[in-house]
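In: build me a structure from this.
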Amino acid sequence: MFFHITMSQGRADTFYLESSSKSKVLSFLTTLSTAIVRNIKEVVYSKNYNVNYVSKPPFVESLAYHKVIIFAYSKNYSKQFTLYNVKKSITQEQLETAYKKLFIINEPIIGFYDISFYNEIAKDENIDFLYQVQYQRNSKTYVEEFYSDSYQKVKDFFESTIDGELLEIRKYVHLDTTVKKDEGDYVKRCSFYIYDDKYQFSSFVPKVNKNFKPEIFKDLIIQNLTLNNKNIDRDKIKLTFK
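Out: So this is what the prediction gives:
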């Protein structure tokens, strides 16, 4: 499994790791780094990492609204959503139908106070139904967040509504909003490259505890990470500290 991670201590860093579980990724990072693991999201759809991805014809842009603001409600919650690059061909009725397949936190959307289209989101710590979508349009990358009970519903909603090329869908599996002072008691980052006869993967860990030696770092990689769902050979790990 691939995970998209955000860590911070002063500034934020985002990167990817492959492992068999979220708990191993969290153990790997909290043991090595002084930074806070802000969130971990399992990559449930990805073009780059070929996760549940099916090849499609090249994305072609069409006319789109600059943004649409939706004020929706469920049984016990309400939420305002801002969408960019909504297809101009979509009607308000189609947008309402599509949105009713999504959630506010853990409840299906059942109605709308207002939907406004323009030619020119408060976060909740309940992450059980929270997904992050990354897409591209005009060489610019956008990130949106949605609540739903499956990545497929989020994917279907995106493809019916947003005029952009879907790159990745990530499901939140960890979120930490703690603030930690940056005291500079770390090595800025350790980049690593792992490989075997067929595959290779490179990533990094920010703000590494300065007491860790390279061999301990390798031990933690072997114990917590995977390469193509297989154990990693110590001799095929390359580290670079900065």
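
In: what does stretch 61-68 contact?
Out: Stretch 61-68 is contacted by residues 82-89, 95, 115-120, 137-138, 163 when judged by Cβ atoms under 8 Å, 6 or more residues apart in numbering. C-beta coordinates here come from the backbone N, C-alpha and C atoms, glycine included.

In: hmm, 6 Å instead?
Out: Contact with stretch 61-68 is made by 82-88, 117-120, 163, as judged by Cβ atoms under 6 Å, 6 or more residues apart in numbering.

In: try stretch 96-108
Out: With contact meaning Cβ under 6 Å, 6+ apart, stretch 96-108 is reached by 74-75, 77, 79, 109, 124, 126, 129, 146-148, 153, 157, 160-161.

In: rerun that using 7 Å as the cut-off
Out: Stretch 96-108 has contacts (Cβ atoms under 7 Å, 6 or more residues apart in numbering) with 70, 72, 74-77, 79, 109, 112, 124, 126, 128-129, 146-149, 153, 157, 160-161.

In: so how far is that stretch from its chain's centroid?
Out: Distance, stretch centre to chain centre, for stretch 96-108: 20 Å (Cα atoms, centre = their mean, to the nearest Å).

In: cool, and stretch 47-54?
Out: Its chain's average C-alpha position is 14 Å from that of stretch 47-54, according to Cα atoms, centre = their mean.

In: in that stretch, what counts as buried?
Out: Residues of stretch 47-54 classed as buried by neighbour count (16 or more other Cβ atoms under 10 Å): 47, 49, 51.

In: and what of stretch 167-187?
Out: For stretch 167-187, the neighbour count (16+ other Cβ under 10 Å) marks 167-175, 186-187 as buried.

In: do stretch 70-88 as well
Out: Buried-residue list, stretch 70-88, by 16+ other Cβ under 10 Å: 70, 72, 74, 79, 81, 83-87.

In: center of the protein, which residue is that?
Out: Arg170 (4.0 Å; Cα atoms, centre = their mean).

In: pretty sure it contacts His4?
Out: Yes - in this structure, Arg170 is within contact of His4 by Cβ atoms under 7 Å, at 4.8 Å.

In: can you list residues touching both of these two?
Out: 41, 43.

In: ok, back up a step: restricted to strands, list the buried residues of stretch 167-187.
Out: Among these, DSSP state E puts 167-175, 186-187 in strands.

In: which of the contacts of stretch 96-108 fall in strands?
Out: Counting by DSSP E, the contacts of stretch 96-108 place 70, 72, 79, 112, 146-147 in strands.

In: and those as a markdown table, adding pLDDT and distance to Glu215?
Out: Output for those, formatted as a markdown table (pLDDT from 0 to 100; distance: Cβ to Cβ, whole Å):
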| residue | pLDDT | distance to Glu215 |
| --- | --- | --- |
| Ile70 | 95 | 53 |
| Ala72 | 96 | 53 |
| Lys79 | 95 | 49 |
| Phe112 | 95 | 58 |
| Phe146 | 93 | 43 |
| Tyr147 | 93 | 43 |
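
In: of those residues, closest to Tyr199?
Out: Using Cβ to Cβ, the shortest approach to Tyr199 within the ones in strands among the contacts of stretch 96-108 belongs to Phe146, at 31.2 Å.

In: and that closest one, how far from Val44?
Out: Applying Cβ to Cβ, to the nearest Å, the value for Phe146 to Val44 is 12 Å.

In: nearest residue to the residue nearest to the centre of the chain in space, ignoring adjacent ones along the chain?
Out: Lys41 (3.4 Å; Cβ to Cβ, 6 or more residues apart in numbering).
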